[in-house]
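# how does the following fold in three dimensions:
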Amino acid sequence: MERIAVIGAILEHPEVSQKAFNETISPFRGIIRGRMGIPFDEADIAVISLTLRGDLDTINALTGKLGNLPGVTVKTAVSGDLKPKGV
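Here you go, the predicted model:
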């Protein structure tokens, strides 16, 4: 079953971690519905929010890969199973 999810990521020293982050999410572009990034140059941090629509295994796989990147902290919120309207 499909779900909607939001991954919030904090990248410390984004000049170092941004490339690995982008390379990690690229294979998942089919489930990424939106991306917003906000740089905090004065703190040497970037905050990225990803909105996803996909199955739970794929969402968890992406979250796990991002969480294993050095300098990247992630948290994920996931909806319940999506049901067709009127059901």
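# where do the strands of this protein begin and end?
Using DSSP state E, the strands of the chain run over residues 2-12, 32-40, 45-55, 72-78.
# in its sheet, what does the last one sit against?
Partners of strand 72-78 in the sheet, by DSSP bridges, are strand 2-12 (antiparallel).
# got the buried residues for the partner strand?
2, 3, 5, 7, 9, 10, 11 (16 or more other C-beta atoms under 10 Å). The C-beta positions use only the backbone N, C-alpha and C, and glycine is treated the same way.
# out of the residues you listed, flag the one nearest to residue 28.
Residue 28 has its nearest neighbour among these in residue 7, at 10.0 Å by C-beta to C-beta.
# quick one: contacts for the closest residue to the closest one other than its chain neighbours?
Excluding its sequence neighbours, the residue lying closest to residue 7 (C-beta to C-beta, 6 or more residues apart in numbering) is residue 50, at 4.4 Å. Contacts for residue 50 (C-beta atoms under 8 Å, 6 or more residues apart in numbering) come out as 6, 7, 9, 25, 32, 34, 35.
# is residue 50 bridged to anything, and to what?
residue 7, residue 35.
# can you pull the pLDDT of it?
The model reports residue 50 with a pLDDT of 98.
# can you check the one 4 residues further on too?
The score at residue 54 is 96. That number is its pLDDT.
# was I right about it contacting residue 29?
No - Residue 54 lies out of contact with residue 29 (C-beta atoms under 8 Å); the separation is 11.1 Å.
# which one's more surrounded, the two?
residue 54 (19 against 8; other C-beta atoms under 10 Å).
# that one and residue 26, how far apart?
The gap separating residue 54 from residue 26 is 15 Å, by C-beta to C-beta, to the nearest Å.
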